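K.L.:
what shape does this take:
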Amino acid sequence: FEGERAHYAGFDFEDNNENTGWFIYDDIMWWTISLARAYAAFGDEEYLRLSEQSFSRVWYGSERVGDTGSYDETDGGMFWRWYPISNPEPNRPGDGKMACINFPAAVAALTLAGCVPEGRTEPTGERPVTHTRERYFEMGREIYEWGVENLFDAATGRVADSRHGEGEPDWKSHVYNQGTFIGASVLLYRATGEDIYLRAVKSALQMYEDKWQHVGGGINMCEFDTYWPGCNHLSMTHSYNELCSTNFWVLLNQRMQLLEPDNSHWADEMEESLYNVLLAAQVGDVGYHYLNFLEGGKDARYLDRCTCCASLGTRLVGLLPQFLYTYTKDTVYVNLYAESQAALPLEKGAVRLTTHTNMPDDGRVTIHVDECAAPFTMKLRMPRWIAAPVEVQVNGQAVGTFGAGFAEITVRAGDEVSFELPMTFRATKYSGSEELVGKERWAIEYGPLLYAAMGPSIVTVAFDPEKPGEWFTPLPGEKPRLALRG
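P.N.:
Now for the predicted structure:
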């Protein structure tokens, strides 16, 4: 906190120095969100004070700076910036209202609605610095609804970059705009329970999966390039599979998994992205790849500095333990399989588990119930990639055979649960901006892993894509490695 405050103009949100100060509203609003979340985590009143100050400065403008604020009292929505930076003029009806300020403003207001004390009296005046919970909620919902009406395509789940006045929205896509739309939708669903918000989240997530997600889980939408649904860029001349995007993707799917714990799809998505992007991006103890190319080589840039991807990659690794297990008052969900121990506070007493596995090198899993006060329900995720139904045993006795989804069993202290997840090769045909004339391009997966080909960038083979297991000969060594036959 102290380092960031020193770097960002002392958190003086009215400092508009053209070299070191603030010059666009969304940069301030991101700090509103971060400071509100910091207050929720640590309870430090200074974080809440700064969060509310920054929100007020964006919404109402600054008497010191001379701007009239981001909020458009006449037509609704939030303007992106004040201009000029010094001695600004009032925003006009045709000025830009970007998604990158509107949906973060909704997230910020809804987050503050859950932070500020109950029983406040709504202040008066032109530029109030604080609001009641109810008023923050109203502000957040109003901006969200303006954004849905003006910046959201309900048919595809796509979020526009911006809209200027009554003109057509600019439908250029950015991952952060999709993410803040989904985040605001989740917050409104949690606050109201109204299904329309959950359907909005699922619509946007489905659009990602259908149009913007690479095989292996990477997100094809980034910055500084041109993207369209299904473009699926591959070469190192394009920017895609940014580690930051995977961070957001994993955390969004974790939120959905907490909302719908019996829907294994969310954990399937997390597993795919963690193995094939996060862990593939780590360069030992040196750093993290910024982009995670699927052709040509690794992204060797920026390993000597703290990029957004390095910081978020480090954060995501730190969060790995909480992705493995979740629980309700009487049920433990095993979402991802890794060598681990867990202590989970169920209603009837603590449950302690130990999991042994060599995943993802093979699919054998053993879970020992070290301690529990009473029998409880255990739900084991059977991944979508399993090659056949899985027999689950408790203390060496079969208790059922299960397909993809969650396998539900009852266990007691001292029980040992064992099963093997059968893996097989899968081939996925490439389609996108870099198809080869007269050739087909295929990706190869085995279990949860997307395999990498070592050698020339483009290798021509002639095998049956329906039988990818016949393409390879195993090589010796501790880790699974293969050679193309022939």
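
K.L.:
could you use CA atoms for every contact and neighbour count after this?
P.N.:
Will do.

K.L.:
tell me where the stretch 301-450 of the chain has helices.
P.N.:
308-324 (DSSP state H, counting those that start in this stretch).

K.L.:
do a quick rundown of the strands in it.
P.N.:
For the stretch 301-450 of the chain, the strands defined by DSSP state E, counting those that start in this stretch cover 325-327, 331-334, 340-346, 349-357, 364-371, 376-382, 390-394, 397-402, 405-411, 416-420, 425-429, 442-446, 449-450.

K.L.:
repeat that for the stretch 1-150 of the chain.
P.N.:
Using DSSP E, counting those that start in this stretch, strands in the stretch 1-150 of the chain cover 96-98.

K.L.:
what is the burial count for residue 476?
P.N.:
9 (other Cα atoms under 10 Å).

K.L.:
please apply the same query to residue 228.
P.N.:
Quick note: residue 228 (other Cα under 10 Å) scores 16 neighbours.

K.L.:
helix/strand/coil for it?
P.N.:
coil (DSSP: H, G, I helix; E, B strand; the rest coil).

K.L.:
next up, the contacts around it.
P.N.:
For residue 228, the contact set (Cα atoms under 8 Å, 6 or more residues apart in numbering) comprises residue 173.

K.L.:
ok, now with 6 Å
P.N.:
If a contact means Cα atoms under 6 Å, 6 or more residues apart in numbering, then residue 228 has no contacts.

K.L.:
again with residue 459
P.N.:
If you count contacts by Cα under 6 Å, 6+ apart, residue 459 has none.

K.L.:
among the strands of the stretch 301-450 of the chain, which comes closest to residue 110?
P.N.:
Taking Cα to Cα, strand 325-327 is the member of the strands of the stretch 301-450 of the chain nearest to residue 110, at 25.4 Å.

K.L.:
average pLDDT across the closest one?
P.N.:
Averaged over strand 325-327, pLDDT sits at 97.

K.L.:
not counting it itself, show me its contacts.
P.N.:
Here strand 325-327 has contacts from 333-335, using Cα under 6 Å, 6+ apart.

K.L.:
isn't residue 368 right next to residue 416, touching?
P.N.:
Yes - with contact defined as Cα atoms under 6 Å, residue 368 and residue 416 form a contacting pair (4.5 Å).

K.L.:
between the two, which contacts overlap?
P.N.:
With Cα under 6 Å, 6+ apart, residue 368 and residue 416 have no common neighbours.

K.L.:
hmm, back to that, any chance of the strands of the stretch 301-450 of the chain in CSV, with mean neighbour count and distance to residue 26 too?
P.N.:
Listed next are the strands of the stretch 301-450 of the chain as CSV, based on neighbours: other Cα atoms under 10 Å; distance: least, Cα to Cα, whole Å:
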stretch, mean neighbour count, distance to residue 26
strand 325-327, 17, 34
strand 331-334, 20, 38
strand 340-346, 16, 39
strand 349-357, 17, 44
strand 364-371, 18, 47
strand 376-382, 21, 40
strand 390-394, 19, 49
strand 397-402, 14, 48
strand 405-411, 18, 40
strand 416-420, 20, 49
strand 425-429, 16, 40
strand 442-446, 18, 39
strand 449-450, 20, 37
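
K.L.:
distance to residue 108 added to those strands, as CSV?
P.N.:
Formatted as CSV, those follow (distance: least, Cα to Cα, whole Å):
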stretch, distance to residue 108
strand 325-327, 27
strand 331-334, 31
strand 340-346, 32
strand 349-357, 36
strand 364-371, 41
strand 376-382, 34
strand 390-394, 45
strand 397-402, 43
strand 405-411, 35
strand 416-420, 44
strand 425-429, 40
strand 442-446, 40
strand 449-450, 37
